[in-house]
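Colleague: I'll drop the sequence and a predicted model, then ask my questions.
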Amino acid sequence: MIFGERFRAKYALSEAGEANVKRGVLWTVVTNLVVMAGIGILYLLMQDYMATLVDGAALPGALPYALGVVAFVAVSFLTHLRQYHYTYSVVYDEVGHVRTALAERLRRLPLSFFGHRDLAELTETMMSDVDRLEHVWSHVLGYLYGGYISTAIIAVMVLVLDWRLGLACLWGVPVAFALLFGSRKVFDAYARRAKAAGLAVADSIQETLEDMREIRATNQEARYLAGVDDLIDESERLQTAAELRIGIFVNAASVIMRLGMATTVLVGVGLILSGQIDFMTLFMYLLMVTRIYAPFDQSLALIAEVFVSDVSVRRLNEVFDAPVATGSEVFAPQGHDIAFDRVGFAYGEEAVLEDVSFVAREGEVTALVGPSGSGKSTCARLAARLWDHDAGSLTVGGVEVLDVDPETLMGAFSMVFQDVTLFDDTIMENIRLGRRGATDEEVLAAAAAANCDEFVGRLADGYATQIGENGARLSGGERQRISIARALLKDAPIVLLDEATASLDVENETKVQGALSRLLAGKTVLVIAHRMRTVMGADKIVVLEGGRVVEQGTPVELLAAGGTFARMVELQGANAGWSV
Ligand code: ADP
């Protein structure tokens, strides 16, 4: 049977989508057969009139034919309506299902999935792949498979009525198909190259937009635009080349099929001359032949589209087949100490962390220090299971993080990172993201505690101010205070802090510090520190170098030991500290 799991995978359909395609196919077959029945009426009519012409028989009554035609038109209208419903209307639901399922899937995929992929390609999958498939689901599948089945049924009828005429009109069909499927490799290669070129264009446009400021600052506009132009030209060239090839094969197949008409006439005339069939039989065959080719011709053009959509299906299935992060939704830790025990991790091939062991205790500030690239942020990401560690054990309150569902685990974490993500919404809603369902009063209290009142008070609409995409209208310090307000609102037992004060001026820094002290009290705090002077007040310091822990202890101990930490402090000059 053509349907089933493989069919769904082949076209990236859901079960509901497949059921609709089946109905679409059924109604396409019915519609095609009804059209054939119309030819039957025409044949009977012609036969009666021919009898009148040739034998001088009485003219047949018009009424039965008139009724036949009316019935035909009515039935044909109804079947077309059903066909339309199942091939077009219901498909829009399927598009919705697939996009939602895709988004849901992406949400549950581990970050490692995104780490290995190009974001432009994922966006392309979400948007244009589903669009392309929408076209396949609606305009193609019903007609294509309906066309196959109707052609098969009609072919059997044609062969049973007269196998010689049947063969004469059908021989082109397998030949056309063989040609089309045989040339598949050529299509595929071109379609893939055209797709890759399209992606390169999307990539370069995105890159140009993202780097606009640098490009302008360095007067590189012309060079960048020329680069994008070249890529667009190349993409156009490959697209045209791909379509040209497909066009050549599809049209050649169509012409070969139509040669069947000529051979039917030849064979038919031969058979009439030798007295084996009468003219009316040939006439009926010629009528039928045009009808066999119509759905078939349509199928040929559609097959090309199916071939081209293969790339989209593959990409969509790749997302659906990727393993999601799993784990228990019950998370009952004993306290909230974070314990790394011989943890190892690599983003790709190269190890980023090796044999990392330390404990960040509840109620204490643990600072991770070390040169840039030593693995500080990575440690924080592993603790919150943004990525899964490869070796050793990493527990929160005694529970291995890999055994906990990532979303459940995330409930125990607040993150205050440098690159705060803000959404184009009001300040109020951006803070509310910390805890969905928080009341306005709670949001405002958190905002006040994070020292947001001062700058929000200066904005015309206060907390109802729209802040622009990714907070473009806010300064770095303001954005960070919003992020702290979010974390305060969430009030999670563990706080991961990418040294939030690193990029601020002195005045802002004191304000943010005040807000932070409120946030951190009593929590398990893991700070990714960039500057030595801010870590002197930490309860514990873990020094990383090249992905390994080289020292750990209190600031005083480490200073006394005179190792890496002492050297780093000396280099940067230490004073102020963390206070909780
Ligand atoms: P730090 O926070 O100490 O600056 P990171 O933990 O960010 O260091 O990075 C440690 C190493 O891992 C670096 O070599 C960095 O290039 C690499 N790295 C960080 N993030 C990724 C990522 N998403 N994919 C691949 N490599 C990464």
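Modeller: That came through, no problem. Residues are numbered from 1 along each chain as shown.

Colleague: alpha carbons only for contacts and neighbour counts from here, please
Modeller: Will do.

Colleague: what packs against whichever helix or strand residue 549 is part of?
Modeller: Assessed by DSSP states H and E, residue 549 sits inside strand 548-553. Counting contacts by 3 or more C-alpha pairs under 8 Å, 6 or more residues apart in numbering; DSSP states H and E, strand 548-553 packs against strand 351-360, strand 540-545, helix 564-572.

Colleague: tell me the mean pLDDT over the following helix or strand past that strand?
Modeller: On the C-terminal side of strand 548-553, the closest following helix or strand by DSSP H and E is helix 555-561. The average pLDDT for helix 555-561 rounds to 90.

Colleague: and helix 555-561, what does it pack against?
Modeller: By 3+ C-alpha pairs under 8 Å, 6+ apart, helix 555-561 packs against helix 564-572.

Colleague: near the ligand, which residues of the stretch 251-400 of the chain show up?
Modeller: By the rule C-alpha under 6 Å from any ligand atom, the part of the stretch 251-400 of the chain lying against the ligand is 347, 352, 372, 373, 374, 375, 376, 377, 378.

Colleague: would you turn those residues into a markdown table with neighbour count and pLDDT?
Modeller: Below are those laid out as a markdown table (neighbours: other C-alpha atoms under 10 Å; pLDDT from 0 to 100):
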| residue | neighbour count | pLDDT |
| --- | --- | --- |
| 347 | 16 | 86 |
| 352 | 18 | 92 |
| 372 | 12 | 86 |
| 373 | 13 | 88 |
| 374 | 20 | 91 |
| 375 | 24 | 92 |
| 376 | 27 | 91 |
| 377 | 18 | 88 |
| 378 | 20 | 91 |
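
Colleague: of all these, which two lie farthest apart?
Modeller: Spatial extent of those (C-alpha to C-alpha) is set by the pair 347 and 372 at 16.3 Å.

Colleague: part of a helix, is residue 438?
Modeller: No. Under DSSP: H, G, I helix; E, B strand; the rest coil, residue 438 sits outside any helix and is assigned coil.

Colleague: how much space separates it from residue 106?
Modeller: Relative to residue 106, residue 438 is positioned 26 Å away (C-alpha to C-alpha, to the nearest Å).

Colleague: what do you get for residue 191?
Modeller: Distance, residue 191 to residue 106, by C-alpha to C-alpha: 26 Å.

Colleague: the more surrounded of these two?
Modeller: Neighbours were tallied for residue 191 and for residue 106 using other C-alpha atoms under 10 Å; the higher tally belongs to residue 191 (23 against 19).

Colleague: my guess is that one meets residue 242, correct?
Modeller: Yes. Contact criterion C-alpha atoms under 8 Å: residue 191 and residue 242 qualify, at 5.9 Å.

Colleague: report pLDDT for the residue of the stretch 151-300 of the chain found nearest the ligand.
Modeller: Using C-alpha to the nearest ligand atom, the single residue of the stretch 151-300 of the chain nearest to the ligand is residue 207, 17.9 Å away. pLDDT, residue 207: 80.

Colleague: report how many residues lie close to it.
Modeller: Residue 207 has 13 nearby residues by other C-alpha under 10 Å.

Colleague: and it, its phi and psi?
Modeller: Dihedral pair for residue 207: phi -60, psi -40, per degrees, to the nearest 10.

Colleague: ditto for the one 4 residues further on
Modeller: The phi and psi torsions at residue 211 (degrees, to the nearest 10) take the values phi -100, psi 20.

Colleague: who's in contact with the most centrally placed residue in the chain?
Modeller: Closest to where the C-alpha atoms of the chain average out (C-alpha atoms, centre = their mean) is residue 126, at 3.3 Å. By C-alpha atoms under 8 Å, 6 or more residues apart in numbering, the residues touching residue 126 are 99, 102.

Colleague: do you know how far it is from the ligand?
Modeller: 22 Å (C-alpha to the nearest ligand atom, to the nearest Å).

Colleague: for that residue, give me the pLDDT.
Modeller: Residue 126 carries a pLDDT value of 74.

Colleague: ok, now residue 2?
Modeller: For residue 2, pLDDT reads 69.

Colleague: and whatever helix or strand residue 64 lives in, what does it pack against?
Modeller: According to DSSP H and E, residue 64 maps onto helix 62-84. Counting contacts by 3+ C-alpha pairs under 8 Å, 6+ apart, helix 62-84 is packed against helix 15-55.

Colleague: mean confidence for the helix it packs on?
Modeller: Mean predicted lDDT for helix 15-55 stands at 84.

Colleague: helices or strands up against that helix?
Modeller: Judged by 3+ C-alpha pairs under 8 Å, 6+ apart, the packing partners of helix 15-55 are helix 62-84, helix 91-108, helix 142-161, helix 279-321.

Colleague: just the endpoints, please. Distance across stretch 405-424?
Modeller: When the termini of stretch 405-424 are compared using C-alpha to C-alpha, they are 29 Å apart.

Colleague: and the contacts of it?
Modeller: With C-alpha under 8 Å, 6+ apart as the test, stretch 405-424 has contacts from 325-331, 384-386, 401, 430, 466-471, 479-480, 483-484, 487, 490-500.

Colleague: okay, and which of these map to strands?
Modeller: Those of the contacts of stretch 405-424 mapping onto strands are 494, 495, 496, 497, 498, per DSSP state E.

Colleague: okay, the residues you listed in TSV with pLDDT, neighbour count and distance to the ligand next?
Modeller: Output for the ones in strands among the contacts of stretch 405-424, formatted as TSV (pLDDT from 0 to 100; neighbours: other C-alpha atoms under 10 Å; distance: C-alpha to the nearest ligand atom, whole Å):
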residue	pLDDT	neighbour count	distance to the ligand
494	94	27	18
495	91	24	16
496	90	23	12
497	86	23	11
498	81	22	9
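
Colleague: adding distance to residue 321, write those out as CSV.
Modeller: Formatted as CSV, the ones in strands among the contacts of stretch 405-424 follow (distance: C-alpha to C-alpha, whole Å):
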residue, distance to residue 321
494, 33
495, 33
496, 32
497, 34
498, 34
